[in-house]
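Student: would you be able to build a 3D model of this:
(one chain, ligands or ions: 1)
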Amino acid sequence: MLLSWFGEVFGRESDDHAILADGIKEDPERISRAYRDLLSGGSTDPLTLLKPVKQLAEGESHGLVQVGDIPFVSMCAHHFLPFFGTATVAYHPRSVIIGIGKIPRMVDCLARRFQLQETLTELIVDTLFRGADAEGAWARLSAQHLCMSHRGPTAVTAVTTTSHGLGVLAGRTAP
Ligand SMILES: [Zn+2]
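Tutor: Numbering: from 1, shown residues only. You can find the predicted model right below:
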(Lines give C-alpha, C1' and ligand atoms only; values in the text may rest on other atoms or scores of the structure.)
Protein backbone atom coordinates (compact mmCIF):
# COMPACT_ATOMS: atom_id res chain seq x y z
CA MET A 1 0.00 0.00 0.00
CA LEU A 2 2.81 2.41 0.91
CA LEU A 3 4.60 1.65 -2.36
CA SER A 4 1.54 2.25 -4.50
CA TRP A 5 0.91 5.52 -2.63
CA PHE A 6 4.57 6.62 -3.05
CA GLY A 7 4.34 5.69 -6.73
CA GLU A 8 1.23 7.81 -7.22
CA VAL A 9 2.65 10.81 -5.37
CA PHE A 10 6.17 10.77 -6.85
CA GLY A 11 5.04 9.66 -10.30
CA ARG A 12 2.94 12.79 -10.76
CA GLU A 13 5.72 15.22 -9.88
CA SER A 14 9.00 15.25 -11.79
CA ASP A 15 10.95 12.70 -13.86
CA ASP A 16 13.43 12.35 -11.00
CA HIS A 17 10.66 11.29 -8.70
CA ALA A 18 9.28 8.91 -11.32
CA ILE A 19 12.72 7.21 -11.44
CA LEU A 20 12.71 6.97 -7.65
CA ALA A 21 9.26 5.41 -7.77
CA ASP A 22 10.50 2.84 -10.32
CA GLY A 23 13.50 2.13 -8.11
CA ILE A 24 11.45 1.31 -5.02
CA LYS A 25 8.84 -0.82 -6.78
CA GLU A 26 11.12 -3.84 -6.42
CA ASP A 27 11.49 -3.64 -2.66
CA PRO A 28 8.22 -4.39 -0.84
CA GLU A 29 9.84 -7.30 1.00
CA ARG A 30 12.75 -5.16 2.25
CA ILE A 31 10.39 -2.40 3.39
CA SER A 32 8.03 -4.76 5.19
CA ARG A 33 11.05 -6.44 6.88
CA ALA A 34 12.14 -3.03 8.20
CA TYR A 35 8.66 -2.33 9.62
CA ARG A 36 8.43 -5.85 11.08
CA ASP A 37 11.73 -5.23 12.87
CA LEU A 38 10.61 -1.82 14.21
CA LEU A 39 7.35 -3.40 15.44
CA SER A 40 8.68 -6.80 16.55
CA GLY A 41 8.10 -6.25 20.28
CA GLY A 42 4.46 -7.30 20.17
CA SER A 43 5.35 -10.99 19.72
CA THR A 44 6.89 -11.21 23.22
CA ASP A 45 5.29 -10.81 26.65
CA PRO A 46 7.70 -8.40 28.42
CA LEU A 47 6.90 -9.96 31.82
CA THR A 48 8.54 -13.22 30.71
CA LEU A 49 11.84 -11.36 30.17
CA LEU A 50 12.27 -10.37 33.83
CA LYS A 51 13.98 -13.42 35.34
CA PRO A 52 14.90 -13.37 39.05
CA VAL A 53 18.58 -14.11 39.71
CA LYS A 54 18.48 -13.92 43.51
CA GLN A 55 15.85 -14.46 46.16
CA LEU A 56 16.12 -12.07 49.10
CA ALA A 57 16.01 -13.71 52.52
CA GLU A 58 13.36 -12.77 55.08
CA GLY A 59 14.23 -9.34 56.46
CA GLU A 60 17.01 -8.79 53.90
CA SER A 61 16.74 -5.41 52.22
CA HIS A 62 18.36 -4.10 49.12
CA GLY A 63 18.98 -0.57 47.88
CA LEU A 64 17.84 1.03 44.67
CA VAL A 65 18.85 -0.66 41.39
CA GLN A 66 19.07 1.77 38.48
CA VAL A 67 20.08 1.21 34.83
CA GLY A 68 20.68 4.37 32.80
CA ASP A 69 21.26 5.39 29.19
CA ILE A 70 19.32 2.44 27.76
CA PRO A 71 18.86 3.18 24.06
CA PHE A 72 15.47 2.55 22.47
CA VAL A 73 13.67 3.05 19.17
CA SER A 74 9.89 3.19 19.03
CA MET A 75 7.15 4.12 16.62
CA CYS A 76 4.76 7.04 17.17
CA ALA A 77 1.21 5.65 17.16
CA HIS A 78 -0.18 8.96 15.92
CA HIS A 79 2.09 9.50 12.88
CA PHE A 80 3.71 6.10 12.18
CA LEU A 81 7.14 7.77 12.42
CA PRO A 82 10.00 6.67 14.73
CA PHE A 83 10.94 8.28 18.00
CA PHE A 84 14.18 7.33 19.74
CA GLY A 85 16.32 8.17 22.74
CA THR A 86 17.39 6.78 26.09
CA ALA A 87 15.68 5.44 29.17
CA THR A 88 16.75 5.43 32.81
CA VAL A 89 14.95 2.70 34.71
CA ALA A 90 15.05 1.98 38.46
CA TYR A 91 13.40 -0.36 40.94
CA HIS A 92 13.45 -0.98 44.65
CA PRO A 93 13.55 -4.77 45.22
CA ARG A 94 11.15 -6.48 47.62
CA SER A 95 11.61 -10.25 47.36
CA VAL A 96 13.91 -10.81 44.36
CA ILE A 97 16.74 -9.27 42.35
CA ILE A 98 16.28 -9.55 38.61
CA GLY A 99 19.07 -9.81 36.02
CA ILE A 100 20.01 -6.25 35.09
CA GLY A 101 20.58 -7.32 31.48
CA LYS A 102 16.86 -8.12 31.30
CA ILE A 103 15.88 -4.48 31.85
CA PRO A 104 17.16 -3.21 28.46
CA ARG A 105 15.51 -6.23 26.80
CA MET A 106 12.18 -5.39 28.46
CA VAL A 107 12.50 -1.74 27.35
CA ASP A 108 13.29 -2.84 23.78
CA CYS A 109 10.34 -5.26 23.74
CA LEU A 110 7.89 -2.55 24.84
CA ALA A 111 9.40 0.11 22.56
CA ARG A 112 9.17 -1.93 19.34
CA ARG A 113 5.44 -1.36 18.97
CA PHE A 114 3.20 1.57 18.11
CA GLN A 115 3.49 3.72 21.24
CA LEU A 116 3.15 7.17 22.68
CA GLN A 117 6.16 8.12 24.80
CA GLU A 118 3.93 8.78 27.81
CA THR A 119 2.31 5.33 27.53
CA LEU A 120 5.65 3.60 26.91
CA THR A 121 7.05 5.17 30.10
CA GLU A 122 4.07 3.90 32.13
CA LEU A 123 4.24 0.42 30.59
CA ILE A 124 7.96 0.08 31.41
CA VAL A 125 7.31 1.05 35.05
CA ASP A 126 4.23 -1.16 35.38
CA THR A 127 6.02 -4.18 33.87
CA LEU A 128 9.03 -3.77 36.16
CA PHE A 129 6.84 -3.14 39.24
CA ARG A 130 4.81 -6.32 38.66
CA GLY A 131 7.50 -8.49 37.01
CA ALA A 132 10.10 -7.89 39.72
CA ASP A 133 7.55 -7.83 42.59
CA ALA A 134 9.24 -4.51 43.41
CA GLU A 135 8.52 -2.14 46.29
CA GLY A 136 8.77 0.63 43.72
CA ALA A 137 9.62 1.20 40.08
CA TRP A 138 10.47 4.36 38.14
CA ALA A 139 11.54 5.40 34.65
CA ARG A 140 12.49 8.53 32.77
CA LEU A 141 12.60 8.60 28.96
CA SER A 142 14.16 11.30 26.77
CA ALA A 143 13.46 11.08 23.06
CA GLN A 144 13.48 12.87 19.75
CA HIS A 145 10.35 12.41 17.65
CA LEU A 146 10.62 12.47 13.86
CA CYS A 147 6.97 13.59 13.76
CA MET A 148 8.01 16.74 15.63
CA SER A 149 11.47 17.29 14.09
CA HIS A 150 10.87 16.49 10.40
CA ARG A 151 7.29 17.60 9.87
CA GLY A 152 4.79 19.92 11.56
CA PRO A 153 6.78 22.27 13.82
CA THR A 154 10.19 20.99 12.46
CA ALA A 155 11.55 21.29 15.97
CA VAL A 156 14.74 19.44 15.05
CA THR A 157 16.46 19.82 18.41
CA ALA A 158 13.44 19.25 20.67
CA VAL A 159 13.82 16.48 23.25
CA THR A 160 10.75 15.20 25.07
CA THR A 161 11.20 13.88 28.61
CA THR A 162 8.61 11.81 30.46
CA SER A 163 8.78 10.12 33.85
CA HIS A 164 6.59 7.86 35.92
CA GLY A 165 6.84 6.05 39.26
CA LEU A 166 4.91 3.44 41.24
CA GLY A 167 5.00 2.22 44.85
CA VAL A 168 7.75 3.75 47.00
CA LEU A 169 9.16 5.47 43.88
CA ALA A 170 5.90 7.20 42.96
CA GLY A 171 6.60 10.91 42.63
CA ARG A 172 10.39 10.40 42.47
CA THR A 173 12.06 13.36 40.79
CA ALA A 174 15.73 12.26 41.04
CA PRO A 175 17.87 12.23 37.86
ZN1 LIG B 1 3.82 11.63 16.44
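Student: what's the next secondary structure element after the top helix by length along the chain?
Tutor: The residue-count maximum for a helix in the chain (DSSP state H) belongs to helix 117-131. For helix 117-131, the following helix or strand on the C-terminal side (DSSP states H and E) is strand 136-145.
Student: tell me if that next one is near the ion.
Tutor: No. Strand 136-145 is not in contact with the ion by Cβ under 5 Å from the ion; minimum separation 5.6 Å. Heads up, the C-betas are built off the backbone N, CA and C, glycines and all.
Student: per-residue pLDDT of the most centrally placed residue in the chain, please?
Tutor: Nearest to the geometric centre of the chain sits residue 111, at 2.4 Å (Cα atoms, centre = their mean). Residue 111 carries a pLDDT score of 98 in this model.
Student: likewise residue 90?
Tutor: Reported pLDDT for residue 90: 97.
Student: that one is in what secondary structure piece?
Tutor: Going by DSSP H and E, residue 90 is in strand 82-92.
Student: so what's residue 83 bridging to?
Tutor: residue 74, residue 145 (DSSP bridges).
Student: for residue 91, same thing?
Tutor: Here residue 91 sits in beta bridges with residue 65, residue 137, going by DSSP bridges.
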